[in-house]
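**Student:** Output the structure for:
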Amino acid sequence: GLNPSFTKKGMVVLKSVKGNRAFFSSVAPLTSDELEKLKMLAKKNDIYRLRLQTGSGSSGEDYVTTYTPACGIMSSNLSDHVWIQFDQTGEVMGISLETATSQCVNGDNFSIQDWNTSVEVTQTLLGPSPDTQSYIEKLKREEQERAKGQTEDKRSFLAKYWMYIVPVVLIMMLSGGGDQQGGGGGGGGGQ
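**Tutor:** Sure, this is the predicted structure:
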């Protein structure tokens, strides 16, 4: 629903963000009441929410949240995989949750009460930043040259006008041979 209730599932122990070294430590097995709540969520085709406290602040409001179908949790026998994404400074950006199966099966005979959670961490990498300063300077120089009228073309005559010269030369070569074999032309002398 809109006001979900959360119970502590366990704790993620982070050894190294860069080395992708983290593991999940379960606090305690599911109680029979928690197991029944999870079964009810699965029967109603509702969602299972997971939230991760990102800070140790006193406000207790620093969380990232994700969700998956509750029937997926039940169908995979409480096996799930959690990805935690960090930014360059080590702050948590997001969390993702995946179950072993996406198919929902009847979980009435479900008896497992221990979580089987694996954790993976990833850190975003800072990409190269564009060299905007030199590009802006180049644009300013070009604009100043255009304003002063100093945009003269410094190419050679052939470089400037080759597209006009080549067709003329080709036409002259193809038609220039003319009729040089002699053959007279008309008029004849006859008596």
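**Student:** List the contacts of the most centrally placed residue in the chain.
**Tutor:** Nearest to the mean C-alpha position of the chain, by Cα atoms, centre = their mean, lies Thr124 at 11.1 Å. By Cβ atoms under 8 Å, 6 or more residues apart in numbering, Thr124 lies in contact with 85-88, 93. Bear in mind the C-beta positions are built from the backbone N, C-alpha and C, glycine included.
**Student:** And it, how far from His81?
**Tutor:** 19 Å (Cβ to Cβ, to the nearest Å).
**Student:** any chance of the contacts of Thr124 in a markdown table, with neighbour count and distance to Leu41 too?
**Tutor:** Converted to a markdown table, the contacts of Thr124 look like this (neighbours: other Cβ atoms under 10 Å; distance: Cβ to Cβ, whole Å):
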| residue | neighbour count | distance to Leu41 |
| --- | --- | --- |
| Gln85 | 15 | 26 |
| Phe86 | 18 | 29 |
| Asp87 | 13 | 32 |
| Gln88 | 11 | 37 |
| Met93 | 14 | 27 |
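**Student:** Keep only those of these that are in helices.
**Tutor:** Using DSSP state H, no member of the contacts of Thr124 falls in helices.
**Student:** And the helices in the protein?
**Tutor:** Applying DSSP H to the chain gives helices spanning 32-43, 70-75, 132-148, 157-175.
**Student:** how about these, which one is nearest Leu97?
**Tutor:** helix 70-75 (9.0 Å; Cβ to Cβ).
**Student:** Just checking the distance from that closest one to the centre of its chain.
**Tutor:** 28 Å (Cα atoms, centre = their mean, to the nearest Å).
**Student:** I'd like to know the average pLDDT value across it.
**Tutor:** Helix 70-75 carries an average pLDDT of 84.
**Student:** swap in stretch 37-57?
**Tutor:** For stretch 37-57, mean pLDDT is 82.
**Student:** Make 48 the starting number, not 1.
**Tutor:** Right, with 48 as the first residue, what we last looked at is stretch 84-104.
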